[in-house]
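Participant: need a 3D model of the following:
(chains A and B)
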Number of protein chains: 2
Amino acid sequence: MTTVADNGVNVQALLDAREVLKGAPEAAQFTWRASSKWQNGVHTTITVKDFFGLGQEQAHKETSVFEADHPEVFAAEDGGITPIEYLLVGLASCLSAGVASVAQLRGIQLNSVEATVEGAHDIRGILGDPDVRNGYNDIKVTFNIDADASKEEIEALVAQSQKRSAVFDALSNPTNITVEVS
Amino acid sequence: MTTVADNGVNVQALLDAREVLKGAPEAAQFTWRASSKWQNGVHTTITVKDFFGLGQEQAHKETSVFEADHPEVFAAEDGGITPIEYLLVGLASCLSAGVASVAQLRGIQLNSVEATVEGAHDIRGILGDPDVRNGYNDIKVTFNIDADASKEEIEALVAQSQKRSAVFDALSNPTNITVEVS
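Facilitator: Presented below is the predicted three-dimensional model:
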């Protein structure tokens, strides 16, 4: 008797969406949004609720609210994680979602997927040293996965996830950003 | 009578840190971390607590926990914002922190700083189309700032913030990412 892998990912819906969007590229154009409100010092509150996609306005079921601040070692109040840590939150979750999706597609049952993401940051850049970059010098992701599969199959899941990860691409390749004052 | 601008940023501490770190570059090497645990489907829970910097282990005052998922239009449960939206959370807060810091340094009183960040994303990439990138096509930030300053001075604050923003750099320039399975 064969048990069917169930990681909770509706792979058929994603495969169907891919086919539909091939013939309707305009529906595949999403706009994700975040709104922020400065509190005091370097503390900002950020809200995420609505987005655009499939040709119309959409919304998450709930409004998500986030706090960003600097830690006390930067002479701040530590009212939330730092802005640059949010990038690691996104990277860990994007790669993990990819592992689950690819595992489902390949019929591999996952038991647990844990990851640690570490970003090396020379803070002399943001303090004004023109010879040091402001962002991360490099980022390292380490997965610890328990699945009904061989080590090689697990490594292949992670490799494929990386290949189709939105956040992995956004961090490893450049994106044009325009900043305006209204 | 002149009122002194107070945006709540301890600029003197940052200027002092810059001087100290010039002579102690090893203390400026920070490592930021996030740990994640897959829940089910594409839903992952991410925790941020400790980091390394100033030559030793450090920790935020509190543990921050985040949920990431896909929305219902992606046939998921919408148990949190999407991984790629976390990048916008980081960008909005980083640029806002920079505006507050630069305003403090320039003696400009801020009354309110709001921003909207929008990321354009063609989701055919993550669904497997090899001709479409996985990440954002472009990102747009719009600031709405009320400050005791001219339009030109406000625009200069935003420009300087952008120039020294960790997240702006991390998203607009490439970073090397290694992914391993332990």
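
Participant: tell me the pLDDT of A:Thr3.
Facilitator: At A:Thr3, the predicted lDDT confidence score is 72.

Participant: identify the residue nearest it in space, chain neighbours excluded?
Facilitator: If you skip the residues right next to it in sequence, A:Thr3 has A:Gln109 as its closest partner in space, 7.4 Å away by C-beta to C-beta, 6 or more residues apart in numbering or on different chains. Any C-beta I mention is one placed from the backbone N, CA and C, and that applies to glycine too.

Participant: try A:Val113
Facilitator: Leaving aside its sequence neighbours, A:Val113 sits nearest to B:Trp38 (C-beta to C-beta, 6+ apart; 3.7 Å).

Participant: what number of residues lie near the residue nearest to A:Thr3?
Facilitator: A total of 15 residues lie near A:Gln109 under the criterion other C-beta atoms under 10 Å in any protein chain shown.

Participant: what of A:Pro174?
Facilitator: Using other C-beta under 10 Å, A:Pro174 has 12 other residues around it.

Participant: surely it touches B:Asn173?
Facilitator: Yes - contact status for A:Pro174 versus B:Asn173: in contact at 5.6 Å, counting by C-beta atoms under 8 Å.

Participant: where does chain A have low pLDDT?
Facilitator: Chain A contains residues with pLDDT under 70 at A:1-2.

Participant: would you list every one of the strands in it?
Facilitator: Along chain A, the segments classed as strands by DSSP state E run A:29-40, A:43-53, A:56-68, A:110-122, A:138-147, A:176-181.

Participant: can you redo those strands as a markdown table with mean neighbour count?
Facilitator: Listed next are the strands of chain A as a markdown table, based on neighbours: other C-beta atoms under 10 Å in any protein chain shown:
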| stretch | mean neighbour count |
| --- | --- |
| strand A:29-40 | 21 |
| strand A:43-53 | 20 |
| strand A:56-68 | 15 |
| strand A:110-122 | 21 |
| strand A:138-147 | 18 |
| strand A:176-181 | 15 |
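
Participant: adding distance to A:Gly90, write the ones you listed out as TSV.
Facilitator: Written out in TSV, the entries for the strands of chain A read as follows (distance: least, C-beta to C-beta, whole Å):
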stretch	distance to A:Gly90
strand A:29-40	11
strand A:43-53	12
strand A:56-68	12
strand A:110-122	9
strand A:138-147	11
strand A:176-181	16
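
Participant: returning to what we had before: pretty sure the residue nearest to A:Thr3 contacts A:Val9?
Facilitator: No - because the distance of 11.8 Å does not satisfy C-beta under 8 Å, A:Gln109 is recorded as not touching A:Val9.

Participant: what touches both of the two?
Facilitator: Contact with both A:Gln109 and A:Val9 is made by residues A:Ala103, according to C-beta atoms under 8 Å, 6 or more residues apart in numbering or on different chains.

Participant: which ones are touching A:Val117?
Facilitator: Residues touching A:Val117, when contacts are defined by C-beta under 8 Å, 6+ apart, comprise A:Leu88, A:Leu91, A:Ala92, A:Ile139, A:Lys140, A:Val141, A:Thr142, B:Arg33, B:Ala34, B:Ser35, B:Ser36.

Participant: closest one of these to B:Thr45?
Facilitator: Minimum distance to B:Thr45 across the contacts of A:Val117 is 6.8 Å, recorded for B:Ser36 (C-beta to C-beta).

Participant: so what's the residue nearest to A:Val113 up against?
Facilitator: With contact taken as C-beta under 8 Å, 6+ apart, B:Trp38 is in contact with A:Ser96, A:Val99, A:Ala100, A:Leu110, A:Ser112, A:Val113, A:Glu114, B:Thr44.

Participant: which residue packs closest to A:Val9, ignoring adjacent ones?
Facilitator: Using C-beta to C-beta, 6+ apart, the nearest residue to A:Val9 is A:Gln104, at 4.1 Å.

Participant: ok, the one you found touching A:Val4?
Facilitator: No - if you go by C-beta under 8 Å, A:Gln104 and A:Val4 don't touch, sitting 10.1 Å apart.

Participant: the two: who's more crowded?
Facilitator: A:Gln104 (22 against 6).

Participant: B:Phe66 versus that one, what's the distance?
Facilitator: Distance, A:Gln104 to B:Phe66, using C-beta to C-beta, to the nearest Å: 23 Å.

Participant: still on that earlier bit, run through the residues that contact the residue nearest to A:Thr3.
Facilitator: With contacts taken as C-beta under 8 Å, 6+ apart, A:Gln109 has the following neighbours: A:Thr3, A:Ala5, A:Asp6, A:Asn7, A:Ala103, A:Ala147, A:Asp148, A:Ala149.

Participant: now those residues in CSV, with distance to A:Gln160?
Facilitator: Formatted as CSV, the entries for these read as follows, by distance: C-beta to C-beta, whole Å:
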residue, distance to A:Gln160
A:Thr3, 22
A:Ala5, 15
A:Asp6, 19
A:Asn7, 14
A:Ala103, 9
A:Ala147, 14
A:Asp148, 17
A:Ala149, 13
